[in-house]
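Engineer: what's the 3D shape of this:
(4 chains)
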Number of protein chains: 4
Amino acid sequence: MWGFSLIDPGLGPLDQPQTRVAKSIWDFHGKMASSRHIKDVSFCGRPQCGVIGTAPSHELLQRWSEREGALNENHENHGVVCAQMPVENGVFVGQKLPENLLNKIKTEGARTKPAREHGGNIDAGSLTGGSRIYLPVYVPGANLSVGDLHFSQGDGEPTCAIEMAGIATLKCSVFPGGMEKLGLSCPIVVPSPAEPLYRQQLAFHGISVDKKGNQKRSDLTTSYIQAATHAMDYLQRFGYSHEQAYTLLATAPVETKVLAVPNIPTANVSVGIPTQIFNFNINPTPDGPSPKDRGSLAYLSEAREKAFQEARKGCSETPFDRP
Amino acid sequence: MWGFSLIDPGLGPLDQPQTRVAKSIWDFHGKMASSRHIKDVSFCGRPQCGVIGTAPSHELLQRWSEREGALNENHENHGVVCAQMPVENGVFVGQKLPENLLNKIKTEGARTKPAREHGGNIDAGSLTGGSRIYLPVYVPGANLSVGDLHFSQGDGEPTCAIEMAGIATLKCSVFPGGMEKLGLSCPIVVPSPAEPLYRQQLAFHGISVDKKGNQKRSDLTTSYIQAATHAMDYLQRFGYSHEQAYTLLATAPVETKVLAVPNIPTANVSVGIPTQIFNFNINPTPDGPSPKDRGSLAYLSEAREKAFQEARKGCSETPFDRP
Amino acid sequence: MWGFSLIDPGLGPLDQPQTRVAKSIWDFHGKMASSRHIKDVSFCGRPQCGVIGTAPSHELLQRWSEREGALNENHENHGVVCAQMPVENGVFVGQKLPENLLNKIKTEGARTKPAREHGGNIDAGSLTGGSRIYLPVYVPGANLSVGDLHFSQGDGEPTCAIEMAGIATLKCSVFPGGMEKLGLSCPIVVPSPAEPLYRQQLAFHGISVDKKGNQKRSDLTTSYIQAATHAMDYLQRFGYSHEQAYTLLATAPVETKVLAVPNIPTANVSVGIPTQIFNFNINPTPDGPSPKDRGSLAYLSEAREKAFQEARKGCSETPFDRP
Amino acid sequence: MWGFSLIDPGLGPLDQPQTRVAKSIWDFHGKMASSRHIKDVSFCGRPQCGVIGTAPSHELLQRWSEREGALNENHENHGVVCAQMPVENGVFVGQKLPENLLNKIKTEGARTKPAREHGGNIDAGSLTGGSRIYLPVYVPGANLSVGDLHFSQGDGEPTCAIEMAGIATLKCSVFPGGMEKLGLSCPIVVPSPAEPLYRQQLAFHGISVDKKGNQKRSDLTTSYIQAATHAMDYLQRFGYSHEQAYTLLATAPVETKVLAVPNIPTANVSVGIPTQIFNFNINPTPDGPSPKDRGSLAYLSEAREKAFQEARKGCSETPFDRP
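Structural biologist: Predicted coordinates:
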């Protein structure tokens, strides 16, 4: 059994100018995962469905289109697409459908990304075997669907989790009138008693100051980026490449917490790296870390990398640069 | 032994138009806390210093003033103060100082809020007895200082934690050259093995859509507010007032996680309420919650509340309304 | 997916004169188990191999026969068989073997019970996916074998765990000279980070006093029986039958600890029942528990039960009555 | 703040012929403890009252004397005292009492050891701040008493825990008729959410075979001794002395579990040593452990040690040698 993770520069919150397209293959040994592309690390997975959700009503679907379209318009002058709107190409609906229905889907159907009220692409690490999710129901029959199976992911999942093939088995029941009774405006999750617990951590803090040194306004996204960049930098001091460290934050059982929101203008975040997953000591020592060969991710050929970077050149901003 | 928590409307991320000034007194029974103002709840504290940090260098202090001043300027037209700048009144320096030094502090000294590179007002729940923090050092002697003792706080701490009097005992050591060796751009924390662990939770999810229904751009702050509002609403269904629920999120051992950042344009957050702290069942049931008398926080007199609300009227926006 | 548990009176440490033959069927829903025969309980499994071990050398095998034979001789006058010796009937060796080899196995081969230096029937609840075991090697090739798959078991496992069909996947490696280097006189286990953790418990204490009120000499077995009987009695107050309570101790994620050995003449033990597995409140309350219909295990017909009890009549003592 | 631990040969279950009188001093740094006498170890304490209990009724007191006296009689021919009976010398009752009452106490009062139905010297590691204990009440007013403060102890506590001076604060309430309603034959404990959790362990297994190689009859005490001896031996391979290893098992947050009782004639036990408390890697490696200077406990002078050993010479058996 195996899975993979991927870095696709230009799309991730931790991208840096030098970030390259890179891939890692992960081998599963029962519940444990390790990668031939990242040495000296292995951890226990928490397999989950990255996507789980019910179908929206027509009215909700329309609200999505409106609010996401409005966001794109606001950011038009920044040259960044923030929300992926319905598209005519690349729609996978999996069945031979009547043409008028197919067209309706192409022009009105919501894209999988992002998470919305109905669940969707929530990528919640704790949604592993033994957990429970309460989902709103908007249409008769609910139309529950799942997908995007991950073997493991870190909280925050700054790039691709460990993607895998698999089968998900779910047990469903219905609470009539539940949305109203529970006030279910978004999913509620009960974590599993069997979610792996790595209690010993190094928690890297971040504040609402961006890479250029600008103070943002109580902005947890900026704080997350700062904390995660802090953690990546630390891991690189042991010999991991930028892309390896980036991948570890997205795949290992990293715990990312919102610490305190109201101390304006910083709302700080911590990114907790479990120390036990490394087969060497990553705790701070007076001598500091010493780098070692930690292997290498799989990269594109020089030519293909060049072409990729060329194509990106127009984008001066990513969706995560804060206005 | 006792402590208190407070809601000061106009300053907190979960404020609603009807939010009132309200106070709760918490009684400590060894490691456990309960409040005469919030029935049917008790939990284990994780006493910590909300403020811990070293002194900044002059250069760093200047950088703080510049970036925080710039933020205020950017938001001037919104009528909101985002960063508290040095002030002449209300400076507590605790010693008889020469006048020119005192003036320097008044005009150049940074305010305690927010957390910055040096630590400061980090309000990290996991910084309890048995934990360890690695702090940068900017001046000879480091000038470590601590304060703002909390008996307990939730992750995100949307309003005041349980404030208390107390004595903090710390053991310090120095890693010469540590900032450079460790790349210490912000604190790193090693949580305590004795941090209370409430594993059974209800985790309320939130997406980057604000109260008015507008999609924000991968904005964890908006997602936090949505998730926490979701949780508050749920607690109110059991009979807690808005202000009681607000207080519980800031004081109880709530676990707040960043789930997944890159699924643009939502970066979702979960607010996990430990179910074990209630002496009744708060899990979702087919019948839904039934409200009960859960006591009341201490409020201002009608006259004083009216005066307070009158004074707020000018503020159409809080620091947490996203532009 | 399903499994079963069984009570076989006369063999278990918690047997009472009225204990009847009884069976429960357990249904598995992903990682969770519940039984149609025990109402209001469900828990997360920790699937494991009850039997895992390497093959003994001829010398070790002989030592086993000697010491277990000697034990039986010492207890002959008590009319109790303590150790099961090699037998001619009922040997399952799974292959067509030459007659002389088959005879050798029948007369010299050790029975699966009990756990011995090589591992064997250790029934260690923490040996679930993601765990690791270090086993001694006595013969070339080690001859590792596994079996006796359990979906879940409690520490102490006073009667049958939840037995199931299944496939175990193991990854093996060899430490040359490891037995000597590590001093491996028995297995060493590294528990899995994904072992289910039920932290909230009711821990029932027991002392080294037997059912008849006799003080035993720092005897953890007596203390275990007392603590477990204490727990069974408590569960029965909520309406569970003696056999249901007995089964729960053997199947649910019960945590059984040795508290303190040297306070002669009692070495006390606690049996911790996780409170979260019940869908009602089992914590002590001033009003005390009130019984409710909790369903029933499957029993033998009256006639067969009578025959079974008749056959047991000769046995005035079980292997767990202390001399 | 500081505490101490002690080895008193002849009284402990892990004693070996070479075991010497030895002491360790432990320094407390907030919640953490380390010892100048045992290098490279530090751990988080779980302070508790080793002794907590209510007063027995006269009837219960008499039952204790009878059953403990009977035990001593049974073992008379082994030359071992198993139970400490009421004594005239060395009674500490702390108050100027009328002579006839004092005499009554001397001749009838139970000794602190062992744990009994009323609680007493239970040495339960999980009885730390935030925990709760339900105790039976036998006399009007209950006469609750506590003492024997420990900073930390391991499960099984084979020798002295870390003894300390201190103040215990308890909150008490009464359940009228609780003993009958709850069936309270011994204490019930609810562990604290703040009990330190060291999840990563090396769990050493032991079987019911004693040091001489004799098979005992499903004897958890023998299994505990074997497992703990296994663990001690392993620690010694890293350079710890026999007495240091012995002390660590009694003082560090060791987790000792009863695995499975009914696989006659062995009832196995595991002794789990937390790996995180060492500042070096104690996990098994292919090269095996290499010894290092780990300091030394404080021993008696040669002359005093000789005198002590001389005095012990008569005792061919300890209370833990199984008949």
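
Engineer: Can you pull the residues of the stretch 151-300 of chain A lying near chain C?
Structural biologist: A:Thr169, A:Leu170, A:Lys171, A:Ser192, A:Pro193, A:Ala194, A:Glu195, A:Pro196, A:Leu197, A:Tyr198, A:Pro253, A:Gln276 (Cβ under 8 Å from any Cβ of the partner chain). (Glycine included, C-beta is placed from N, CA and C.)

Engineer: any idea where the helices of chain A begin and end?
Structural biologist: A:58-74, A:99-108, A:178-182, A:220-236, A:242-251, A:302-312 (DSSP state H).

Engineer: Say whether chain B is contacted by the shortest one.
Structural biologist: So that's helix A:178-182. Yes: with Cβ under 8 Å from any Cβ as the criterion, chain B is reached by helix A:178-182 at A:Gly178, A:Glu180, A:Lys181, A:Leu182.

Engineer: For the closest residue to A:Glu68 other than its chain neighbours, give me its contacts.
Structural biologist: Counting by Cβ to Cβ, 6 or more residues apart in numbering or on different chains, A:Glu68 lies nearest to A:Ala83, which is 3.6 Å off, once chain neighbours are set aside. By Cβ atoms under 8 Å, 6 or more residues apart in numbering or on different chains, the contact list for A:Ala83 reads A:Glu68, A:Gly69, A:Leu71, A:Asn72, A:Pro114, B:Gln215, B:Ile264, B:Pro265.

Engineer: What remains of those residues if I keep only buried residues?
Structural biologist: When the contacts of A:Ala83 are checked for burial by 16 or more other Cβ atoms under 10 Å in any protein chain shown, the buried set is A:Glu68, A:Leu71, A:Asn72, A:Pro114, B:Gln215, B:Ile264, B:Pro265.

Engineer: and the residues you listed, which two are the farthest apart?
Structural biologist: A:Asn72 and A:Pro114 (13.1 Å; Cβ to Cβ).

Engineer: Single out the residue in the stretch 101-250 of chain A that lies closest to chain B.
Structural biologist: A:Lys181 (2.8 Å; Cβ to the nearest Cβ).

Engineer: Tell me which residues touch that residue, please.
Structural biologist: A:Phe175, B:Arg237, B:Asp287, B:Gly288, B:Pro289.

Engineer: same thing but 10 Å
Structural biologist: A:Phe175, B:Arg237, B:Pro284, B:Thr285, B:Pro286, B:Asp287, B:Gly288, B:Pro289, B:Ser290 (Cβ atoms under 10 Å, 6 or more residues apart in numbering or on different chains).

Engineer: with the residues you listed in mind, which one is nearest to chain D?
Structural biologist: Closest to chain D, out of all of the contacts of A:Lys181 and judged by Cβ to the nearest Cβ, is B:Pro284, at 22.8 Å.

Engineer: what's the span of stretch A:290-302, first residue to last?
Structural biologist: Terminal residues of stretch A:290-302 lie 29 Å apart, using Cα to Cα, to the nearest Å.

Engineer: got the residue ranges for the strands in the stretch 151-300 of chain A?
Structural biologist: A:162-163, A:188-190, A:201-206, A:255-260, A:268-274, A:298-299 (DSSP state E, counting those that start in this stretch).

Engineer: Let me have those in a markdown table, adding mean neighbour count and mean pLDDT as columns.
Structural biologist: Putting the strands of the stretch 151-300 of chain A into a markdown table (neighbours: other Cβ atoms under 10 Å in any protein chain shown; pLDDT from 0 to 100) gives the following:
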| stretch | mean neighbour count | mean pLDDT |
| --- | --- | --- |
| strand A:162-163 | 22 | 98 |
| strand A:188-190 | 23 | 97 |
| strand A:201-206 | 26 | 97 |
| strand A:255-260 | 27 | 97 |
| strand A:268-274 | 28 | 98 |
| strand A:298-299 | 14 | 97 |
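
Engineer: Indicate which one of these is closest to A:Gln244.
Structural biologist: That would be strand A:298-299 among the strands of the stretch 151-300 of chain A, by Cβ to Cβ, at 11.3 Å.

Engineer: Residues touching the closest one, excluding its own?
Structural biologist: Residues contacting strand A:298-299 (Cβ under 10 Å, 6+ apart): A:4, A:6-7, A:20-25, A:36-37, A:241, A:243, A:305.

Engineer: at 6 Å what do you get?
Structural biologist: A:Arg20, A:Ala22, A:Lys23 (Cβ atoms under 6 Å, 6 or more residues apart in numbering or on different chains).
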